[in-house]
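*Asks:* Predicted model follows, preceded by the sequence.
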Amino acid sequence: MKTAMTMAKTRSPSPNGQSDVQSYDIHQTYDWNYEHAPQVPPVLDIPPCPGPWTFCGYKVNSPLGIPAGPLLNSRWILYYAALGFDVLTYKTVRSGYRACYDLPNLLPVEDAALNEEGRTLEAAPDAARYHSWAISFGMPSRSPEEWSADIARARNGMHEGQVLTVSVVASPKPGWSLQDLANDFATCATRAATAGAHVIEANLSCPNVCTQEADLYLSPEAARVVAATVRAAVPHLPLALKVGLFPNRRIMEEIVEAVSPHATAICATNSITAKVSHHGNLLFDGLRRGIGGSATTARCLEETVLLRRVLNAAGSPLELVSVGGVTTAQDVRDRLHAGATHVQIATAAMIDPLTAIRIRQEGLS
Ligand SMILES: Cc1cc2nc3c(=O)[nH]c(=O)nc-3n(C[C@H](O)[C@H](O)[C@H](O)COP(=O)(O)O)c2cc1C
């Protein structure tokens, strides 16, 4: 498959040795990276990925996607769409402008295996090579006017067999009821649908935000009300729900039961949280941050296995999207074997934008 235009220029070589592609510059702000998105998608031969593959009812060219986060705008979407990813998720948007947290937004950390939430990891800010990082953006958003026009650009540039998902979240105000919050999700979803989203994703988990919208996936009632309200607002589009790590199987079962009538897919796991220290000092004011990358590979695979069991036991029709720590072709095979129908890659794809091409070259059988 050939894609449009000419090869993107080198600007910020990725830390792990790929100097011929553009990647997100972790030393620059979110706004800088938004403005300095790749100008044109590269033209590369994309190895085929024999299927069939589907995502939320759409036929797609591969089971490889990018979850909410790395793709700040349409130019990043179309860049990764030309690099062998077929489900592209537009970074979470809100019903109003929201600034990003201060730098660092992506802080490399040691690669110690994270098997539970709340551990402390050592920062590795000067590491020449790294595979995991702490994520600290606070879910910034451009204004609805800006993101809806930009979503339309992303949709227009996509190819057959590719799907555009838009991630949405509420921005609660003091005194809001659960229904107010769900309505704010629905407002964003309606706007994203009108702009051209193929799929809506409601973000029910943000480990780096301390307000009401952060942990909705731990409350069956909150998850149900949000899912039902968004589904009613955009009945014609599939609805995915992004969730974090479940503290135990019982809550997982309750959430699956609560949302199965209203959603199309469940996307797990957002990330695993940890405190981050450097030379004995806790960073990020001692608050936890979501960790992405290979530190989370083993635990996120376990979570996929467990979710598959719970979905099967409940007879739930929800599709299972596996995310968290996926880096290699073997990781993708493991997630598919565990019962995921689609696999998403954030950290590894930001560090090495050629990740999907490498996975396709190796093959998934
Ligand atoms: C730069 C960056 C920004 C992110 N922003 C969001 C976001 O806005 N909404 C969301 O649901 N998840 C966000 N995430 C989490 C990812 O979607 C993903 O769940 C997480 O990074 C785990 O996958 P990974 O191990 O492949 O990185 C972000 C991740 C990264 C790396």
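*Replies:* Thanks, I have it.
*Asks:* Only C-alpha atoms from now on, for both contacts and neighbour counts.
*Replies:* Fine.
*Asks:* mind listing what the spatially most central residue of the chain touches?
*Replies:* Nearest to the mean C-alpha position of the chain, by C-alpha atoms, centre = their mean, lies Pro67 at 2.4 Å. By C-alpha atoms under 8 Å, 6 or more residues apart in numbering, the residues touching Pro67 are 88-91, 323, 344-346.
*Asks:* rerun at 10 Å
*Replies:* Counting by C-alpha atoms under 10 Å, 6 or more residues apart in numbering, Pro67 makes contact with 87-92, 165-167, 201, 242, 267, 270, 321-324, 343-347.
*Asks:* same deal with His278?
*Replies:* By C-alpha under 10 Å, 6+ apart, His278 lies in contact with 109, 121-125.
*Asks:* same thing but 6 Å
*Replies:* By C-alpha atoms under 6 Å, 6 or more residues apart in numbering, the contact set of His278 is 122-123.
*Asks:* And for the residue of the stretch 51-200 of the chain found nearest the ligand, the neighbour number?
*Replies:* Minimum separation of the stretch 51-200 of the chain from the ligand (C-alpha to the nearest ligand atom) falls at Gly69, amounting to 3.2 Å. Gly69 has 18 neighbours, counted by other C-alpha atoms under 10 Å.
*Asks:* Just give the closest residue to it, not the sequence neighbours.
*Replies:* Excluding the flanking residues, the one nearest Gly69 by C-alpha to C-alpha, 6 or more residues apart in numbering is Lys91, at 4.6 Å.
*Asks:* Contact residues of the stretch 151-300 of the chain facing the ligand?
*Replies:* 203, 269-271, 292-293 (C-alpha under 6 Å from any ligand atom).
*Asks:* Would you tell me which one of those residues comes nearest to Leu178?
*Replies:* Within these, the smallest distance to Leu178 is 15.0 Å, found for Asn203 (C-alpha to C-alpha).
*Asks:* That closest one reaches Lys242, doesn't it?
*Replies:* Yes - counting by C-alpha atoms under 6 Å, Asn203 touches Lys242, with 4.8 Å between them.
*Asks:* Among the two, which residue is more densely surrounded?
*Replies:* Between Asn203 and Lys242, counted using other C-alpha under 10 Å, the more crowded position is Asn203 (28 against 25).
*Asks:* quick one, what contacts that one?
*Replies:* The contact partners of Asn203, by C-alpha under 6 Å, 6+ apart, come to 168-169, 242.
*Asks:* go with 8 Å
*Replies:* Applying C-alpha under 8 Å, 6+ apart to Asn203 gives the contacts 92, 167-169, 241-243.
*Asks:* Could you export these as TSV, including pLDDT and distance to Ser316?
*Replies:* Output for these, formatted as TSV (pLDDT from 0 to 100; distance: C-alpha to C-alpha, whole Å):
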residue	pLDDT	distance to Ser316
Thr92	98	26
Ser167	98	22
Val168	98	23
Val169	96	24
Leu241	98	14
Lys242	98	16
Val243	97	16
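*Asks:* burial count for Glu116?
*Replies:* 13.
*Asks:* What pLDDT does the model give it?
*Replies:* Looking at Glu116, its pLDDT is 94.
*Asks:* In helices, which of the residues of the stretch 151-300 of the chain next to the ligand fall?
*Replies:* Of those, none are assigned to helices by DSSP state H.
*Asks:* farthest pair in those?
*Replies:* So, these by C-alpha to C-alpha: farthest apart are Asn203 and Gly293, at 19.2 Å.
*Asks:* Residue numbers of the stretch 1-150 of the chain in contact with the ligand?
*Replies:* Proximity of the stretch 1-150 of the chain to the ligand, by C-alpha under 6 Å from any ligand atom, involves residues 67-70, 91-92, 135, 139.
*Asks:* quick check, nearest of these to Arg191?
*Replies:* Ranked by distance to Arg191 (C-alpha to C-alpha), these are led by Thr92 at 13.0 Å.
*Asks:* how deep is that closest one tucked in, by neighbour count?
*Replies:* 24.
*Asks:* Please name the residues that touch the residue lying closest to Ala123 once chain neighbours are set aside.
*Replies:* Nearest non-adjacent residue to Ala123, counting by C-alpha to C-alpha, 6+ apart: Val109, 4.2 Å away. If a contact means C-alpha under 8 Å, 6+ apart, then Val109 has 121-125, 130, 132-134, 276 as its contacts.
*Asks:* same question, Trp53
*Replies:* For Trp53, the contact set (C-alpha under 8 Å, 6+ apart) comprises 59-63, 341.
*Asks:* For it, name its beta-bridge partners.
*Replies:* Residues in a beta bridge with Trp53, per DSSP bridges, are Val60.
*Asks:* So for it, what's the pLDDT?
*Replies:* Model confidence at Trp53 (pLDDT) stands at 98.
*Asks:* Pull up the gap between it and Asn61, please.
*Replies:* According to C-alpha to C-alpha, to the nearest Å, Trp53 and Asn61 sit 6 Å apart.
*Asks:* likewise Leu107?
*Replies:* To Asn61, Leu107 is 33 Å away according to C-alpha to C-alpha.
*Asks:* if you count what's nearby, which of these two comes out ahead?
*Replies:* Taking other C-alpha under 10 Å, Leu107 and Asn61 do not tie; Asn61 has more neighbours (23 against 20).
*Asks:* Of the contacts of Pro67, which belong to strands?
*Replies:* Within these, residues falling in strands by DSSP state E are 87-92, 165-167, 201, 242, 267, 321-323, 343-344.
*Asks:* In a markdown table, list the residues of the stretch 151-300 of the chain next to the ligand along with pLDDT.
*Replies:* Formatted as a markdown table, these follow (pLDDT from 0 to 100):
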| residue | pLDDT |
| --- | --- |
| Asn203 | 97 |
| Thr269 | 97 |
| Asn270 | 95 |
| Ser271 | 94 |
| Gly292 | 98 |
| Gly293 | 98 |
